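Colleague: Fold the following for me, if possible:
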Amino acid sequence: MITLSKSRIAAACVALAACMPLQGHAGLLDDDEARKAIIDLRAKVESMARELNARIDTKSDRSSALDMVNQQEQTLSEIAKLRGQVEVLSNELANAQKRQKDMYSDLDERMRKLEPRQVTIDGREAAVDPNEQRAYDAAMVMFKGGDYKSAAAALGEFVRRYPASGYAANAQYWLGNAHFAQRDFKGAIAAQEVVVSQYRDSAKAPDAILNIASSYTELKDIKNAKKALKELVLKYPDSSAAQAAKDRLAVLK
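Modeller: Presented below is the predicted three-dimensional model:
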């Protein structure tokens, strides 16, 4: 930036004025004319100083304005860069939040899959763990598919692992039926007796006694077959199994 003091400008102007015609004719002027000439010269010097100052100020203002423009452009460039960084960080944050939300949703879904569910088993509500539900369903698929040996193994494992399950009585009952289907009548009797003794309030208990009677009949043990049928009628008189027991007792007589 160009900076000049007014005194230096004035000195320069005076030096310039010294070269003007006034010096050549100074001896021809009287005092009044000389004073007037000096005043005029001073006025010209001051005018020249003002003009020069104006030019210098204008150049200085333009330089300052140019500097300000350059600074503004640099600032705008920095702001653009910061906006770009903010946009990138915002995008990364949004992606991180989405991943976190998806992770929590997946975890919540997994937790729900592990939580016990309320199911209705023979008219009763029971909380069943997903694992025991899968194990029971798998065993029953084997039974219904006619693979009684595998079904018996799966049902036996089920009642060992889940003795308090809402499906335990049913699993024990179908275990007896799996043995019966394989003509393992003693195994069938043993399995159904567990139903009668441990799950006597189960809806499967009357049918278990009926299966015991059938197993004794297959073993040609009519005495114990009749005993089981009579027990069934006595303990569960209103069950459909009790009516079937009465019909069989009539035949066995």
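Colleague: what about the stretch 1-150 of the chain, any weak spots by pLDDT?
Modeller: Within the stretch 1-150 of the chain, the stretches with pLDDT under 70 are 1-35, 37-38, 40-42, 44-46, 48-49, 51-66, 68-69, 72, 104-114.
Colleague: Could you pull out the helices in it for me?
Modeller: With DSSP state H, counting those that start in this stretch, the ranges of helices along the stretch 1-150 of the chain come out as 6-18, 31-114, 130-144, 148-161.
Colleague: cool, and the stretch 151-253 of the chain?
Modeller: 168-181, 185-198, 205-218, 222-235, 240-252.
Colleague: could you say what helices and strands the fourth one packs with?
Modeller: Contact here means 3 or more C-beta pairs under 8 Å, 6 or more residues apart in numbering; DSSP states H and E; on that basis helix 222-235 packs against helix 205-218, helix 240-252. Just so you know, the C-beta spots here come from the backbone N, C-alpha and C atoms, and that holds for glycine as well.
Colleague: Can you name every helix or strand that the last one contacts?
Modeller: Read it as helix 240-252. Helices and strands touching helix 240-252, by 3+ C-beta pairs under 8 Å, 6+ apart, are helix 205-218, helix 222-235.
Colleague: and if you look at the longest one?
Modeller: Packed against helix 205-218, as judged by 3+ C-beta pairs under 8 Å, 6+ apart, are the following elements: helix 168-181, helix 185-198, helix 222-235, helix 240-252.
Colleague: Let me see the backbone angles for Ser239.
Modeller: Dihedral pair for Ser239: phi -80, psi 160, per degrees, to the nearest 10.
Colleague: From Asn224, how far off is it?
Modeller: Computed as C-beta to C-beta, to the nearest Å, the Ser239 to Asn224 distance reads 20 Å.
Colleague: neighbour count winner among those two?
Modeller: Remark: of Ser239 and Asn224, Ser239 carries more neighbours, 18 against 15, as counted by other C-beta atoms under 10 Å.
Colleague: residues touching the closest residue to that one other than its chain neighbours, list them.
Modeller: Leaving aside its sequence neighbours, Ser239 sits nearest to Pro206 (C-beta to C-beta, 6 or more residues apart in numbering; 4.0 Å). By C-beta atoms under 8 Å, 6 or more residues apart in numbering, Pro206 lies in contact with 232, 235-236, 239-242.
Colleague: returning to what we had before: point out the most buried one among the helices and strands packed on helix 240-252.
Modeller: helix 205-218 (a mean of 23; mean count of other C-beta atoms under 10 Å).
Colleague: got the angle between that helix and helix 185-198?
Modeller: Using axes from the mean of the first three to the mean of the last three C-alpha atoms, to 10 degrees, the inter-axis angle of helix 205-218 relative to helix 185-198 is 150 degrees.
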